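Engineer: 3D model of this:
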Amino acid sequence: MRYRIYDPEIQMLATIAGTLKGDYVREGLDNPWAMSPFAWIKTRPSRQVGKIGEQLVAGWCAAKGLDVISCGDSEADRVIAGHRVEIKFSTLWEGGVYKLQQIRDQNYEYGICLGISPLDVHCWVIPKADLLDRAHVKPQHSGKAGKDTYWFSFESSNPPLWLSPYGGRLNRAYRIMHNW
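Structural biologist: Residues are numbered from 1 along each chain as shown. Alright, predicted model coming up:
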């Protein structure tokens with residue numbers, strides 16, 4: 001919904017601000033998210049971003065004809081095509097990397113890792129054992145808490161080789177789930 005400014009003084013100031021904007025913001029150059037249909041996600045708090053990622057995966061899988069239901073507990077995010085899955089989500093960080101965080105050893109079979117760039121999307125469907133392989137992930141926190149929470153990071157344009165069998169493009173990730 002677009003709002004209209006009726007006060008002529010505010011209109012004048014908004015017009016001046018619009019002419020100054022080009023001196024400070026170069027749409028698409030300084031901000032690669034400026035023209036992205038996913039830009040709004042970057043404005044949300046991190047706790048909401050994770051939930052949005054879960055909803056994106058669930059909606060996409062349902063639209064592709066896969067059964068998607070709630071798992072009924074906090075050990076997994078969804079049951080997709082009869083398999084308990086944990087969904088991890090990252091938007092593109094500075095430097096062109098995805099950071100997939102808060103990976104835990106809970107009751108799920110697969111981790112679905114979704115990465116969204118301004119105009120691209122990546123997805124991997126990873127068996128839990130490979131997702132938790134200590135050769136791939138690092139402890140996220142130090143101390144006692146660091147023993148149960150992991151993360152990994154990589155350049156979106158150069159994913160690690162161990163991810164290759166698990167997707168990358170959305171159509172490859174879908175084929176994995178479709179063939180469960």
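Engineer: so Phe16 is in which element?
Structural biologist: One thing to correct before we go on: residue 16 is Ile, not Phe. helix 8-24 (DSSP states H and E).
Engineer: Now do the next helix or strand after that helix: which elements does it pack against?
Structural biologist: Counting by DSSP H and E, the next helix or strand C-terminal to helix 8-24 is helix 46-63. Contacts defined by 3 or more Cβ pairs under 8 Å, 6 or more residues apart in numbering; DSSP states H and E place helix 46-63 against strand 68-70, strand 78-80, strand 83-91, strand 110-117, helix 170-178. C-beta: built from backbone N, CA, C; applies to glycine.
Engineer: Can you name the next helix or strand after the fourth one?
Structural biologist: Reading on from strand 110-117 to the C-terminus, the next helix or strand found by DSSP H and E is strand 120-127.
Engineer: Which positions in that following strand come out as buried?
Structural biologist: For strand 120-127, the buried set under the neighbour-count rule, 16 or more other Cβ atoms under 10 Å, comprises 122-126.
Engineer: from the residues you listed, which two are the most distant?
Structural biologist: Farthest-apart pair in those is His122 and Ile126; separation 12.4 Å (Cβ to Cβ).
Engineer: what touches both of these two?
Structural biologist: Common contact partners of His122 and Ile126 (Cβ atoms under 8 Å, 6 or more residues apart in numbering): none.
Engineer: Can you find the helix or strand in the protein with the smallest mean pLDDT?
Structural biologist: Using mean pLDDT, DSSP states H and E, helix 8-24 stands out as the lowest-scoring helix or strand of the chain, at a mean of 73.
Engineer: contacts for that helix?
Structural biologist: By Cβ under 8 Å, 6+ apart, the surrounding residues in contact with helix 8-24 are Ile5.
Engineer: if we can go back for a sec, any chance of JSON lines for the buried residues of strand 120-127, columns distance to Gly168?
Structural biologist: Shown next, in JSON lines, are those (distance: Cβ to Cβ, whole Å):
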{"residue": "His122", "distance to Gly168": "6"}
{"residue": "Cys123", "distance to Gly168": "8"}
{"residue": "Trp124", "distance to Gly168": "7"}
{"residue": "Val125", "distance to Gly168": "10"}
{"residue": "Ile126", "distance to Gly168": "11"}
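Engineer: Looking at those residues, which is nearest Gly72?
Structural biologist: Nearest to Gly72 among the buried residues of strand 120-127, counting by Cβ to Cβ, is Val125 at 21.3 Å.
Engineer: how much space is there between that closest one and Thr43?
Structural biologist: Val125 is 28 Å from Thr43, where distance means Cβ to Cβ, to the nearest Å.
Engineer: And Gly72, by the same measure?
Structural biologist: Taking Cβ to Cβ, one finds Gly72 at 31 Å from Thr43.
Engineer: so where's this protein uncertain?
Structural biologist: For the chain, the stretches flagged by pLDDT under 70 are 1-2, 21-30, 142-147.
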